[in-house]
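# generate coordinates for the sequence data below:
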Amino acid sequence: MSQEARTVTVKLLDKEYTISCPDGAEAELLASADYLDSKMREIKTSGKIVGLERIAVMAALNMSHELIKNREESRHNVEMQLRRLGNKIDRSLHQIDEREVQQPDDDDASR
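Modelled structure (predicted):
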């Protein structure tokens, strides 16, 4: 069963586009369009790039770069957390081993 599609009108640099999206995803599409519009306006304001298509491509490249950078940072943070957790586990196991060495087993005490 396919989802019902809706059409949503978004504005990018004062130009309207009608876009089809799944029912219930309108808010996400509008938020995405707002974010893209703000990135395109930043590029347009810089004055270095002219033309709607070039501005859109630069905005897409900048947003892709942000996405990749954020993914890498997230991956790095997860790796660091896992490393810290592994170190805590190793320290705890080492402390347990030391306690067992210091305390004789019940079998050893009865001999």
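# who are the packing partners of the longest helix along the chain?
In terms of residue count, the longest helix belonging to the chain (DSSP state H) is helix 52-102. Contact partners of helix 52-102 among helices and strands, from 3 or more C-beta pairs under 8 Å, 6 or more residues apart in numbering; DSSP states H and E: helix 26-46. Using the backbone N, CA and C atoms, a C-beta is placed for each residue, glycine as well.
# the helix it packs on: how far from the chain's middle?
Its chain's average C-alpha position is 18 Å from that of helix 26-46, according to C-alpha atoms, centre = their mean, to the nearest Å.
# that one - what's its average pLDDT?
Throughout helix 26-46, pLDDT has a mean value of 96.
# try stretch 70-85
97.
# pull that stretch out as CSV, backbone CA atoms only.
As requested, C-alpha coordinates have been extracted for stretch 70-85 and formatted as CSV (Å, rounded to 0.1, in the frame of the first residue of the first chain):
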residue,chain,number,x,y,z
ASN,A,70,28.2,16.3,11.7
ARG,A,71,28.1,12.5,10.9
GLU,A,72,31.8,12.3,11.4
GLU,A,73,31.6,14.2,14.7
SER,A,74,28.8,12.0,15.9
ARG,A,75,30.8,8.8,14.9
HIS,A,76,33.8,10.2,16.7
ASN,A,77,31.8,11.0,19.8
VAL,A,78,30.3,7.5,19.9
GLU,A,79,33.8,6.0,19.5
MET,A,80,35.1,8.1,22.4
GLN,A,81,32.1,7.1,24.6
LEU,A,82,32.6,3.4,23.8
ARG,A,83,36.4,3.7,24.6
ARG,A,84,35.6,5.4,27.9
LEU,A,85,33.1,2.7,28.7
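# quick one: contacts of it?
By C-beta atoms under 8 Å, 6 or more residues apart in numbering, no residue outside stretch 70-85 reaches it.
# could we number from 80 for the rest of this?
Shifting the count to begin at 80 puts that one at stretch 149-164.
# which secondary structure element is home to Gly103?
When secondary structure is defined using DSSP states H and E, no element contains Gly103, which sits outside every helix and strand.
# give me phi/psi at it?
Summarising the backbone geometry of Gly103 under the convention degrees, to the nearest 10, its torsions are phi 100, psi -10.
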